[in-house]
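Student: Quick one: sequence and predicted model below, then my questions.
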Amino acid sequence: MKKISKLDEYLFDLNGYLIIKNALNKIELKDLNNILDKLKNTKNDEWAGHVHGHNYGGKEGLNLQQIYEAGKPFEKLIDHPSWINHMLHFVGGKGTFDHLHGPLFIDENFANIRGPGEAIGIHSGNPEGLQRNHYRYQNGKFHCSQVNILLALTNIGPGDGGTVIIPSSHKSNIVHPEFKDNKMLKGGKVSSAEGMTGAKEIYMKAGDALLFVDSLCHGSAKRINKGERRIVVYRYGPSWGFFRHPYRPSKDLLSRLSKFQKKINFQKSKLVYDTIDSSDFYTTHVDIRFRSRINIPFFLRSLINFL
């Protein structure tokens, strides 16, 4: 597993992102792209097994949600040695309540295939103040609510529609004055983030990875070259997180994962409810349809019988 250097810590804190060169090898790239070759014609809102064709409403290309359901090559990305230590370190929480049910949680994972004329507008940023994606460093530890790994499965250079970030915007308290003119659009309209003052387009070789905190303001440039830009994104957060979309890992997937991988992908509140439901000592009267993911009331069976 790759170790985190003091320089990694400094640059991540300063800029909000890191580039990991050669995160994937040639065999991994080939295996991942072979699967995407079979899925690339999936339509929006169409299912291909447990993978869902998805679009945010603009002209950002095809998102293949739940891509870790697409086979072993994508399952291996869950705890890949090139970045899992970075996720554990920057999400943080070791030795705290955040690690009670596991070290991490993946709330979204998808592949994106983008062609000429397609892009995604600028979004996120610290001024939104969202707990879901905030950045924090306290008492010598990182505590980030969401850290993303973005993997280039094709070379991404000028004209290829690279990811655009605004360095250090994860600490900004002011909305970028050009944000509204470059933000994500719906209704099949295209918007992009290149040309924004202070923005940086990230060029990557196939196999490289961009690791960034989600509160960093980001989007993409418009692809003007022929062919496709292919990326994969896995979003990691603390164990108490919950799924961004209504997708859930299938029973087939969970049966194949290692114990550590399951902890990263399983709904944590279900572990508690399953323990209560199978216990002779505890009980709960909350109907399964109305159970909270955060507040889990339970009682001693002996006390209920006594009352």
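Tutor: Structure's in. What do you need?

Student: Phi and psi next, for the residue nearest to residue 100 when sequence neighbours are not counted.
Tutor: Nearest residue to residue 100 in three dimensions, chain neighbours excluded: residue 239, at 6.6 Å (Cβ to Cβ, 6 or more residues apart in numbering). (C-beta placed from N, C-alpha, C; glycine too.) Backbone geometry at residue 239, expressed as degrees, to the nearest 10, gives phi -60, psi -20.

Student: pretty sure residue 239 contacts residue 94?
Tutor: No - no contact is recorded between residue 239 and residue 94 when judged using Cβ atoms under 8 Å, the distance being 11.1 Å.

Student: overlap in contacts of the two?
Tutor: By the contact definition Cβ atoms under 8 Å, 6 or more residues apart in numbering, residue 239 and residue 94 are jointly contacted by residue 103.

Student: pLDDT value on the residue lying closest to residue 224 once chain neighbours are set aside, please?
Tutor: Take residue 224 and drop its neighbours on the chain: the residue closest to it by Cβ to Cβ, 6+ apart is residue 159, 4.7 Å away. On the pLDDT scale, residue 159 is placed at 98.

Student: how deep is residue 159 tucked in, by neighbour count?
Tutor: Residues contacting residue 159 under the criterion other Cβ atoms under 10 Å number 14.

Student: tell me which element it is part of?
Tutor: According to DSSP states H and E, residue 159 maps onto no helix or strand at all.

Student: swap in the one 5 residues further on?
Tutor: With the criterion set as DSSP H and E, the secondary-structure element containing residue 164 is strand 163-165.

Student: any residues touching that strand, and which ones?
Tutor: Contacts of strand 163-165 from elsewhere in the structure, counted by Cβ under 8 Å, 6+ apart, are 16-17, 122, 150, 156, 192-194, 196, 199-202, 210, 212, 216-221, 231.

Student: Now do the same contact list for the residue nearest to residue 100.
Tutor: The neighbours of residue 239, taking Cβ under 8 Å, 6+ apart as the test, are 93, 98-105, 263, 268.

Student: Nearest to residue 29, out of those residues: which one, please.
Tutor: Taking Cβ to Cβ as the measure, residue 29 lies nearest residue 104 of the contacts of residue 239, at 24.2 Å.

Student: Next, the residue nearest the centre of the chain: phi, psi?
Tutor: The central residue of the chain, meaning the one whose C-alpha is nearest the mean C-alpha position (Cα atoms, centre = their mean), is residue 235 at 1.4 Å. Here is the backbone geometry of residue 235 (degrees, to the nearest 10): phi -110, psi 120.

Student: ok, back up a step: for the residue nearest to residue 224, list the residues it contacts.
Tutor: When the contact criterion is Cβ under 8 Å, 6+ apart, the partners of residue 159 are 223-225.

Student: pLDDT score for the residue nearest to residue 26 when sequence neighbours are not counted?
Tutor: Using Cβ to Cβ, 6+ apart and skipping residues adjacent in sequence, the residue nearest residue 26 is residue 207, 7.4 Å away. Per-residue confidence for residue 207 comes out at a pLDDT of 98.

Student: Hmm, residue 207 is touching residue 19, no?
Tutor: No - between residue 207 and residue 19 there is no contact under Cβ under 8 Å: 11.6 Å.

Student: Between those two, which has more neighbouring residues?
Tutor: Shown here are residue 207 and residue 19; by other Cβ under 10 Å, residue 207 has more neighbours (21 against 14).

Student: For the more buried one, which three-state class applies?
Tutor: Three-state call for residue 207 (DSSP: H, G, I helix; E, B strand; the rest coil): coil.

Student: OK, contacts around it?
Tutor: Shown here is residue 207, whose contacts under the criterion Cβ under 8 Å, 6+ apart are 22-26, 28-29, 151-152.

Student: Give me the neighbour count for residue 61.
Tutor: Burial measure for residue 61: 21 neighbouring residues, criterion other Cβ under 10 Å.

Student: right, I mislabeled it, should have said residue 258
Tutor: 11.

Student: could you measure it against residue 227, distance?
Tutor: For residue 258, the distance to residue 227 (Cβ to Cβ, to the nearest Å) stands at 36 Å.

Student: Pretty sure residue 212 sits against residue 235.
Tutor: No - taking Cβ under 8 Å as the definition, residue 212 is not a contact partner of residue 235, at 10.5 Å.

Student: Give me the common contacts of the two.
Tutor: Contact with both residue 212 and residue 235 is made by residues 147-148, according to Cβ under 8 Å, 6+ apart.
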